[in-house]
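**Q** Sequence plus the predicted model coming up.
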Amino acid sequence: MLQHPSIARRSVAVVATAALALGASTLAPAPAQAATALKGGVSKTVPLTCTVFDDEFEYDATIKLSGVRAKRSDPKVALRATMSKMPGVSPVAIDNDVEATLKLKVGSSRATLKGKGHATAGPNEPVAVPKVKGSVKNPKNSLPVTVTSMSVYIPDYALTISCVPTGSGAMGTLRLK
């Protein structure tokens, strides 16, 4: 037993405080779990017919599309895509800023992805296409993706290379998990 009354009071106070703290922590609601993002991707080589000036050329664009829905209840899906290099059809070297646009049908919604970059290539060498990004609002997590068009704009020359799918443009299904 504690001999001194002030030590006894302090001990009782410490025990009471600890009991309150433990009791309060067991009654407190559990912290909310962070929303888990849903992610997915689809990749396909899509044959495109491209036009520059009055000339046409074929571009088998390997397109890698990824999608992220920040949380299950969010209808917005952030989209990012990379594309393989375009064929080297320029008879002169390229060292210019470029802007790329990729238009897609994602589920029943339309999406426009855009990106900017700088391209360098020698005469008749393949040319890199900048990464593109955008978003689409669609609440579904299984979304068929179709390429509807693609273009590359070179501001220095006010030149646009326009491309459309040779076939259906279907890429497959983007499944967000």
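**A** Ah, there it is.
**Q** and T36, which of the three is it?
**A** Recorded secondary structure, T36: coil (DSSP: H, G, I helix; E, B strand; the rest coil).
**Q** Report the contact partners of it.
**A** By C-beta atoms under 8 Å, 6 or more residues apart in numbering, the residues touching T36 are 71-72. For glycine as for every other residue, the C-beta is placed from the backbone atoms N, C-alpha and C.
**Q** now do 10 Å
**A** 69-72, 177 (C-beta atoms under 10 Å, 6 or more residues apart in numbering).
**Q** Tell me the most packed of the residues you listed, by neighbour count.
**A** Highest neighbour count within the contacts of T36, by other C-beta atoms under 10 Å: R69, with 24 neighbours.
**Q** from memory that one sits against A78, does it?
**A** Yes: if you go by C-beta atoms under 10 Å, R69 and A78 touch, sitting 7.8 Å apart.
**Q** Make a markdown table out of the contacts of T36 and add secondary structure, pLDDT and distance to G107.
**A** Listed next are the contacts of T36 as a markdown table, based on DSSP: H, G, I helix; E, B strand; the rest coil; pLDDT from 0 to 100; distance: C-beta to C-beta, whole Å:
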| residue | secondary structure | pLDDT | distance to G107 |
| --- | --- | --- | --- |
| R69 | strand | 97 | 12 |
| A70 | coil | 96 | 17 |
| K71 | coil | 94 | 18 |
| R72 | coil | 92 | 16 |
| K177 | coil | 96 | 16 |
